Every structure is written in C-alpha cells, then in structure tokens.
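J.: pasting the structure only:
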C-alpha cells in the first residue's frame, strides 16, 4: 500500500471548483441582499401603512367629535324650543346639516382610503420590481 501514488486533483478541476464556490458565494450574497432589501421595504411599507391608517383614524375621530358636538347643540336648541313648530324647524335644520356633513365625511374618508390603498400598491410594486 505504500506504493500507491497520492491522488492529485488536476489543476482544471481545482479551478472549476474555485469558480463554482465563488459563483455560489456571489449568488448567496445577492440572495441575502435581496432578502434584506425586501425586509427593509416591507418595514417601510408597514410604517407607511401605519402612518396612513393613523391619519384616517384621526379624521374619523375628528368627525365623531364634530357629530357629537352638533348633536349636543341640537339638544340644547330642542330644550330651549318654545313650541312644536320651533322643534320641527330645529329638527329639519339639524337633519339637513348632518346629511351634508355625512356626505362630506364619507367622500373624504373614501378618498383617504383610496389614497392609502394607492400608496400601499405603489410601495409593493416598488418592492417587487427588479432594478
């Protein structure tokens, strides 16, 4: 057994193996870079969505406050009404004002929701679009 010559790897095989390892390393680095970018983009998207949702929630709270204030103002007018005609006048004015306010609020909230959805779609498109 001592007669056996040691096995030698041909130079071409060694070079091929080195290139393969280097290509695998580059592919892995590219994969890790893409994964890191995706995580960062997702975090940015989540933060953007959180901020936009926060803004919409603030609007909703503001609308609720306005609606409650209008209801209290209406209640005060009803309490101070002298007769049924005055009650009906206040009721009619309140209903008209509230319907107008609700139309404006729904329109504004719809636009805000559409804006949030558009921004989210744009962010996701940018995240998956190769550069």
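T.: Structure's in. What do you need? Please read these numbers as outputs of a predicted model, since none were measured by experiment. Numbering: from 1, shown residues only.
J.: Please count neighbours and contacts with C-alpha atoms only from this point.
T.: Noted.
J.: Does anything pack onto the worst-scoring helix or strand of the chain on mean pLDDT? Which helices or strands?
T.: The helix or strand of the chain with the lowest confidence, counting by mean pLDDT, DSSP states H and E, is helix 11-80 at a mean of 80. On a contact count with 3 or more CA pairs under 8 Å, 6 or more residues apart in numbering; DSSP states H and E, helix 11-80 meets helix 84-128.
J.: Mean confidence (pLDDT) on the helix it packs on, please.
T.: Across helix 84-128, the average pLDDT comes to 88.
J.: follow-up on the earlier one: what is the orientation angle of the least confident helix or strand of the chain with helix 84-128?
T.: Angle of helix 11-80 versus helix 84-128, following axes from the mean of the first three to the mean of the last three CA atoms, to 10 degrees, is 170 degrees.
J.: Centre of the chain to helix 11-80, how far?
T.: 5 Å (CA atoms, centre = their mean, to the nearest Å).
J.: State the number of residues packed around residue 17.
T.: 12 (other CA atoms under 10 Å).
J.: and if you look at residue 80?
T.: Residue 80 sits with 11 neighbouring residues when counted by other CA under 10 Å.
J.: Please tell me how far it sits from residue 71.
T.: Note on residue 80: its distance to residue 71, by CA to CA, to the nearest Å, is 14 Å.
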